[in-house]
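Colleague: Provided below for reference: sequence and predicted model.
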Amino acid sequence: MQAQHPQDGLRGKLLIAMPGMGDPRFEHSVVYICAHSDDGAMGLIINKPTPELKFSDLLEQLQISPPPAEAPEVLVHYGGPVEGGRGFVLHTGDYTGNSSTLQVDDRFGMTATLDVLEDLSQGTGPRRCFLALGYAGWGPGQLENELQRNGWLTCDAAPELVFEAAAEQKWQMALGTLGIDPLMLSATGGRA
């Protein structure tokens, strides 16, 4: 299993919720970490789509021209419990947008401004992406504490897992990258 130390930072990694986490909002969640520092962490849940909300409906509400009929539908996800009305687009690193794009690494970026939605509607946006409403946030030391209490596992984030895998398979697939069978997980932690 891959060890992850807080001083290494978790930016660009995935958090995998452990059974027995204790917070139902994160049950079986996989969270992509966009930012992590001594000030806290911010991430987007990548495996909880909101099928009742369509990207085209959101564009209509924002008075942005709808995408061409041949454009793929952008998935809308529940990104986390903080600022549920705010949108964040997690996307491939091929899109740099404007200066407001956070380039997490060379494979991933995150943009939270209307220009990315406008670019997507015109077919000039990122190659792969999804829109998240809300985000997961942790204060200073909070995420590190949850990791120590066996609330999360961490793994590398592969674009195929983040953007292409079916939402209902991402938790199990993320565990699989660590060689872990979900049936073998325990809700209690221990110390050696």
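Modeller: Structure received. What you are looking at is a predicted structure, and each value in this text was computed from that prediction instead of being measured. Numbering: from 1, shown residues only.
Colleague: What are the buried residues along the worst-scoring helix or strand of the chain on mean pLDDT?
Modeller: Every helix and strand in the chain was compared by mean pLDDT, DSSP states H and E; the lowest is helix 55-61, with a mean of 84. Neighbour-count burial for helix 55-61, counted by 16 or more other Cβ atoms under 10 Å, picks out 55, 58-59. Quick note: C-beta positions are derived from backbone N, CA and C, even for glycine.
Colleague: neighbouring contacts of the next helix or strand after that helix?
Modeller: For helix 55-61, the succeeding helix or strand toward the C-terminus, using DSSP states H and E, is strand 76-78. Contacts to strand 76-78, defined as Cβ atoms under 8 Å, 6 or more residues apart in numbering, come from residues 44-50, 53-55, 58, 84, 130-134, 167.
Colleague: quick one: which of the residues you listed sit in helices?
Modeller: 55, 58, 167 (DSSP state H).
Colleague: Can you tell me which of those residues is closest to Gly12?
Modeller: Of all those, Ala167 has the smallest distance to Gly12: 20.3 Å, by Cβ to Cβ.
Colleague: Pull up the gap between the closest one and Ser56, please.
Modeller: 19 Å (Cβ to Cβ, to the nearest Å).
Colleague: Leu143 is in contact with Ala41, correct?
Modeller: Yes - when contacts are counted by Cβ atoms under 8 Å, Ala41 is listed as touching Leu143 (4.6 Å).
Colleague: Mind listing the shared neighbours of these two?
Modeller: Shared contacts of Ala41 and Leu143, counting by Cβ under 8 Å, 6+ apart, come down to Leu10.
Colleague: which SSE is Glu118 in?
Modeller: helix 114-121.
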